[in-house]
Structure formats: structure tokens, C-alpha cells
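Engineer: Fold the following, please.
(one chain, ligands or ions: 2)
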Amino acid sequence: MYSEHAIILDAAYITLSLDHSWEEDSLKYENNLALMLDFFTFYGDKFHHQKEEEIIFRSLLKTDEPDIAMIINEMLEHHDDFRSTVSEIRELLYRKEYARAQEKITFYVNTIRDHIINEDEILFSLMDSIFSKEELDVMYDNCNVIDEKLGLKYKRELENYVTNLKIKSDEALQRAAYQLH
Ligand SMILES: [Fe+2]
Ligand SMILES: [Fe+2]
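Structural biologist: Residues are numbered from 1 along each chain as shown. Ligands and ions are numbered 1, 2, ... in the order given. Model prediction:
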């Protein structure tokens, strides 16, 4: 799950490098951003969030950790917000409101980055401390079952797509990263 977070963050930063590229070629901007939105829907939501919601959060809710229900409810709300933000960006793109679409994607990147930091530092590290190795192995296997059902080959393709883009756009990415606050 940590490595999926890293790929999602890479994809998020790549979208920042698209800023103003519509001024040169609006069709290219539309295609590039639409591909990234598909990535967030299929990889970020279908592969990643599904495993968190069905396996990780459910297992954590069965423990008597203080405040766990509140923390998980907050994470679930974030997942819902991410879904609606991606839909709103698609709508803006459809209406060719590029500057507003880019503004929204920057908001999405900032919020998903904070969400991932919370999960890594609070939830995932909590899991490592409260579950036994055997319990973690069972969860890992269950996560693999979901990935296999959705399609491992497709998952690798999505990951490779982002990794290749990252290699190509490293310089643009570094410039774009300065926009983050
Ligand atoms: Fe999450
Ligand atoms: Fe996550």
C-alpha cells in the first residue's frame, strides 16, 4: 500500500506540470489530463481505495483502538470528496474551462497528498503495531485477491504509464512542485 501511495503521488505531481500547457495545444492538454483522471479513477479509487475500505479500514474498526472510528470516517469522507472532485474536473474539462480544471486538480493534489501522509503516519503505522505478522499476511493476501479480480496486468500498465511519464517530466515536475503549499 505504501508503494501505491508513492505512485499516486507521482501521478498527482505530474498533473501539476500540465499547468498552462493548454495555451500551446488545448487538445493535448485535454487528452493528458483526461488520462490522469482515468488513472485516479481506476488506480487511485478502484484498486487502492477499494482495498483500504474493504480490508484495512474494516480490520481496524474491529480493534478497540481509541478514536479509530472517527479517524476512519474522516478517511472515508476524503475518499468520497476525491471521487466528486475528479467528476467536477471531468465536467470542467468537458466545458473547456482549462484554468478552472487546473485549479481544481491542484486542490486535488494538495488534499490527496495530506490524506496519504495521514494514512502513512497514523493508520498504516498503527496497523504495523497492533496486528501480528500473520494477521498482516492475511490482509496482504486479501488485498492481492482484489488486485487479481480487477486485473493485475492492467494495474501494472497503469503503474508503468505513470513511471514512464515521471521519467520524461522530471524537470517539469520539479518546477510544478513549487506550486504546492
Ligand atoms: Fe485513503
Ligand atoms: Fe491510501
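Engineer: what stretches of the chain score poorly on pLDDT?
Structural biologist: Low-confidence segments of the chain (pLDDT under 70): 169-181.
Engineer: top helix in it by residue count?
Structural biologist: helix 68-94 (DSSP state H).
Engineer: so how far is that helix from its chain's centroid?
Structural biologist: Put simply, helix 68-94 sits 11 Å off its chain's centre (C-alpha atoms, centre = their mean, to the nearest Å).
Engineer: what packs against whatever helix or strand D137 lives in?
Structural biologist: Using DSSP states H and E, D137 falls within helix 133-150. Under the contact criterion of 3 or more C-beta pairs under 8 Å, 6 or more residues apart in numbering; DSSP states H and E, helix 133-150 touches helix 50-51, helix 125-130. Using the backbone N, CA and C atoms, a C-beta is placed for each residue, glycine as well.
Engineer: Could you count how many residues lie near F57?
Structural biologist: Other residues near F57 come to 20 when the count uses other C-beta atoms under 10 Å.
Engineer: May I have the residues that are in contact with it?
Structural biologist: 72, 75-76 (C-beta atoms under 8 Å, 6 or more residues apart in numbering).
Engineer: residues touching I116, list them.
Structural biologist: Contact analysis of I116 by C-beta under 8 Å, 6+ apart lists 5, 8-9.
Engineer: Quick check: it vs F47, distance?
Structural biologist: The gap separating I116 from F47 is 15 Å, by C-beta to C-beta, to the nearest Å.
Engineer: Check L60 too.
Structural biologist: From L60 to F47 the distance is 19 Å (C-beta to C-beta).
Engineer: Repeat that for E148.
Structural biologist: On the measure of C-beta to C-beta, E148 and F47 end up 11 Å apart.
Engineer: and if you look at L93?
Structural biologist: Separation of L93 from F47 (C-beta to C-beta) stands at 23 Å.
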